[in-house]
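Enquirer: Kindly generate the corresponding structure for this input.
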Amino acid sequence: MLAQQLLLCYILVSYGRASWTSQHAFSAASAFEPTKRIGVVGLGTGGIATLRALRALPMHMREGWQITAFDERHAVGGLWVPQDYPPDPPSVPQTPAYPGLRMNAVHMHMTVPGEPFPPETPLLAPRERVLEYWQGLFDATPLGEHDRVLLRHSVTSAAWVGDAERGHWDVQVMDLSTNRTMGFQFDNLIVAPGVNRFPRVPTFEGQDAWLAAGKRLEHCMWFRDSNRYAGQTVLTVGGGPSGLDVARHVVHTARKLYWSRQDGEPELPDIRGAENVPRMVSLKKGLPTLNNGSTLPDVDTIILATGYEVRVPFLSATGFLDETPPLNGDRLTTNGRYISPLYEHTVALDSRYPPGALYFISLLTYNPTGMTNAAQATFAAYTIANASLLDARDELRAALAQREQHVRNEAGVEPERYGHKVNSGYGAEEGYAADGFYQDLLVRSLVARDPRLAGMPGIPRGGFNLTERWRVWVMEHTDQVLVGWHEMVDERGEGWEEEFVRGQGTEADYMDTMRRFLEFWDDYSEPE
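Expert: All right, here's what the predicted structure looks like:
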């Protein structure tokens, strides 16, 4: 084939029951000249939602677009793609997901609108079913003739070439299969980095002596098998979902398990067999020391469930994401918890390029993943298609400042400490039914700018929220299911739940399943 011809190389990759095609389209002289070049970095839940939203736009809004998506993994699905044999520290695994991991909310709470999980999925879906769900959504997304999905491609740098009004992104990408570096140019860049990639590992006073004594201190990013802790006394530090998940597994194999939590962490259920202790503050004299002054003399291993840092190395490499606060300047900056300035956690407001040049999807935590990803992706897609749907930079900055003040008022903490959460800053919980959740407000803002968008793909008809009423009920009761489900697994073993989901497959079915389980759990757990 002549070098001047367009070369399309289709590489079929298969993982489990899902398969997809990576389309490499490179040519020195292609006849195709895109009207808009869009880069998507990351093909986890946020990147998949983004591809769906971009391709769902009416054809007249996306005519001539070329979308190029990158992911460094061999498969789409982000953190749900397993890596059961992670590298030893200091090398960092590509995912914290371990065998036996389940969602920490009922799956109806985490779906995208109109897309239920596959039939007979347990309410707390195992890792394999979550991966199947997102890969299925990817497989069902119709890519354009000139779109490219490049797996095992790592974005190493991205720099804006231009000014505050116009320009493009120069992006360097490493093909991990060949170690070849390639360059791309994009008009719009959408970053979907996920939030579980860079472990936050605090340093404790006395840590060196602890390690020198042959004791272990490790982040849960490396956790894979609870049998590794058989016969040990283990201290798990951190009261968030990761701490809960790891402690649930380790309590069955460890000789003794301490669970160290602190005030201000989520109110999660206690674990049968684990001893709750206050926050660990140091390792003085080679002993875990708690904030009440007491020590734990018999600990063999400390597992840190201390969260993850918000970083985007390929932007920091070129000076387009500073890593040194303060966060109140005109340049995009991260302190490891919070990227600022971002309008609604989505639109970068760095003064060096226009609003809409750079978007972030999936930075949020403690959120209904499918709904918020879909809303952010829909917002990005429509504002890329029509830049007039975005307010001027000064107005977006003012709206951000107002939202951050709401966070201070409602959560009682600075936004840069609070992070990318939408539990506070969006009105009192009792007002949600009228005003909508974050995802509703974000999508509805598009209709406020152009009422003709109501009812278009990804946008509800006028007067309706993206969040259906049944989802509100699911949100209110998911914690009850979380407690009961794990209690029953502990008592009866994996697989006990099959009777509840047999023959179920629609959203209505799964709602019925959830109601039946809650009735069962109320009767089962009620004291005699």
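Enquirer: what's the nearest residue to the most centrally placed residue in the chain if we skip its chain neighbours?
Expert: Centrality entry for the chain: nearest residue to the mean C-alpha point is Gly194, 4.2 Å, by C-alpha atoms, centre = their mean. Nearest non-adjacent residue to Gly194, counting by C-beta to C-beta, 6 or more residues apart in numbering: Gly44, 4.9 Å away. C-betas here are computed from N, CA, C, even on glycine.
Enquirer: what's the answer for Leu296, then?
Expert: Nearest non-adjacent residue to Leu296, counting by C-beta to C-beta, 6+ apart: Pro288, 4.5 Å away.
Enquirer: Tell me which stretches of the stretch 51-200 of the chain form helices.
Expert: For the stretch 51-200 of the chain, the helices defined by DSSP state H, counting those that start in this stretch occupy 59-62, 127-139.
Enquirer: Out of those, the one nearest Val76 is which?
Expert: For Val76, the closest of these is helix 127-139, at 4.9 Å, according to C-beta to C-beta.
Enquirer: Check whether the residue nearest to Leu296 really touches Met280, as I assumed.
Expert: Yes. Judged on C-beta atoms under 8 Å, Pro288 makes contact with Met280 at a distance of 5.2 Å.
Enquirer: residues bridging contact with the two, i.e. touching both?
Expert: Overlap of the contact sets of Pro288 and Met280 (by C-beta atoms under 8 Å, 6 or more residues apart in numbering) consists of Leu235, Ser260, Ile302.
Enquirer: Dump these into CSV; add neighbour count, pLDDT and distance to Leu124 as well.
Expert: What follows is these, written out as CSV (neighbours: other C-beta atoms under 10 Å; pLDDT from 0 to 100; distance: C-beta to C-beta, whole Å):
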residue, neighbour count, pLDDT, distance to Leu124
Leu235, 25, 98, 26
Ser260, 25, 95, 25
Ile302, 23, 98, 27
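Enquirer: quick one: which of the residues you listed is nearest Asp509?
Expert: The closest of the shared contacts of Pro288 and Met280, once distances to Asp509 are taken by C-beta to C-beta, is Ser260, at 40.2 Å.
Enquirer: and this structure, what are its domains?
Expert: As assigned by automatic domain parsing, the chain contains the domains 36-197+311-453, 201-306.
Enquirer: how long is the last one end to end?
Expert: To tie it back to what came earlier, the one meant is domain 201-306. End-to-end distance for domain 201-306: 7 Å, by C-alpha to C-alpha, to the nearest Å.
Enquirer: Tell me where the model's unsure across the stretch 401-528 of the chain.
Expert: 425, 427-436, 527-528 (pLDDT under 70).
Enquirer: What segments of it are helices?
Expert: Under DSSP H, counting those that start in this stretch, the stretch 401-528 of the chain gives helices at 415-418, 432-435, 438-449, 469-492, 498-501, 507-525.
Enquirer: I'd like the distance from the last one to the chain centre, please.
Expert: The one in question is helix 507-525. Relative to the centre of its chain, helix 507-525 is centred 28 Å away, using C-alpha atoms, centre = their mean, to the nearest Å.
Enquirer: that older thread, from what I can see the residue nearest to Gly194 touches Leu79, true?
Expert: Yes. Gly44 lies in contact with Leu79 (C-beta under 8 Å); the separation is 6.2 Å.
Enquirer: Looking at the two, which one has more neighbours?
Expert: Neighbours per residue, other C-beta atoms under 10 Å: of Gly44 and Leu79, the larger number sits with Gly44, 27 against 22.
Enquirer: Contact partners for that one?
Expert: Asp71, Val76, Gly77, Gly78, Leu79, Trp80, Trp134, Ala192, Gly194, Ser362.
Enquirer: wait, what's in contact with Asn328?
Expert: Asn328 sits in contact with Ser340, where contact means C-beta under 8 Å, 6+ apart.
Enquirer: ok, it to Glu404 distance?
Expert: 10 Å (C-beta to C-beta, to the nearest Å).
Enquirer: Same question for Gly293.
Expert: Remark: distance between Gly293 and Glu404 (C-beta to C-beta) = 36 Å.
Enquirer: Have a look at the two and say which one is more surrounded.
Expert: Between Gly293 and Glu404, counted using other C-beta under 10 Å, Glu404 has the larger neighbour count: 20 against 8.
Enquirer: isn't the more buried one right up against Val413?
Expert: No. Contact between Glu404 and Val413 fails when scored by C-beta under 8 Å: they sit 10.9 Å apart.
Enquirer: What ranges in the chain fall below the confidence cut-off?
Expert: Checking the chain against pLDDT under 70 turns up 1-30, 263-266, 425, 427-436, 527-528.
Enquirer: still on that earlier bit, mean neighbour count, the helices of the stretch 401-528 of the chain: which tops it?
Expert: helix 438-449 (a mean of 20; mean count of other C-beta atoms under 10 Å).
Enquirer: what bridges to Ile302?
Expert: Counting by DSSP bridges, Ile302 forms beta bridges with Leu217, Leu235.
Enquirer: That one against Leu287, yeah?
Expert: No. With contact defined as C-beta under 8 Å, Ile302 does not count as touching Leu287 (11.0 Å).
Enquirer: between the shared contacts of Pro288 and Met280, which is nearest Gln376?
Expert: For the shared contacts of Pro288 and Met280, with Gln376 as the reference and C-beta to C-beta as the criterion, the closest is Ser260, at 33.9 Å.
Enquirer: Keeping just the C-alphas, turn stretch 61-68 into CSV.
Expert: This file holds the C-alpha atoms of stretch 61-68, laid out as CSV (Å, rounded to 0.1, in the frame of the first residue of the first chain):
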residue,chain,number,x,y,z
MET,A,61,-23.6,19.5,15.8
ARG,A,62,-20.6,17.2,15.3
GLU,A,63,-20.2,17.1,11.6
GLY,A,64,-16.6,16.5,10.7
TRP,A,65,-15.3,15.9,14.2
GLN,A,66,-12.4,13.6,14.9
ILE,A,67,-12.1,12.0,18.3
THR,A,68,-8.9,10.4,19.5
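Enquirer: Not counting it itself, show me its contacts.
Expert: 32-40, 51, 54-55, 143-144, 146-148, 150, 184, 186, 382, 385-386.
Enquirer: Ok, stretch 207-224 next?
Expert: Residues contacting stretch 207-224 (C-beta under 8 Å, 6+ apart): 84-86, 88-89, 92-93, 96, 98-99, 196, 199-201, 204, 236, 238, 242-243, 246, 249, 283, 285-286, 299-306, 308.
Enquirer: Between the two ends of it, how far is it?
Expert: End residues of stretch 207-224 are separated by 23 Å (C-alpha to C-alpha).
Enquirer: Quick check: buried residues in it?
Expert: With burial defined by 16 or more other C-beta atoms under 10 Å, the residues of stretch 207-224 counted as buried are Gln207, Trp210, Lys215, Leu217, Glu218, His219, Cys220, Met221, Trp222, Phe223, Arg224.
Enquirer: Return the subset of the residues you listed lying in strands.
Expert: Using DSSP state E, the subset of the buried residues of stretch 207-224 located in strands is Leu217, Glu218, His219.
Enquirer: and those residues as CSV, adding distance to Glu497?
Expert: Output for these, formatted as CSV (distance: C-beta to C-beta, whole Å):
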residue, distance to Glu497
Leu217, 35
Glu218, 31
His219, 30
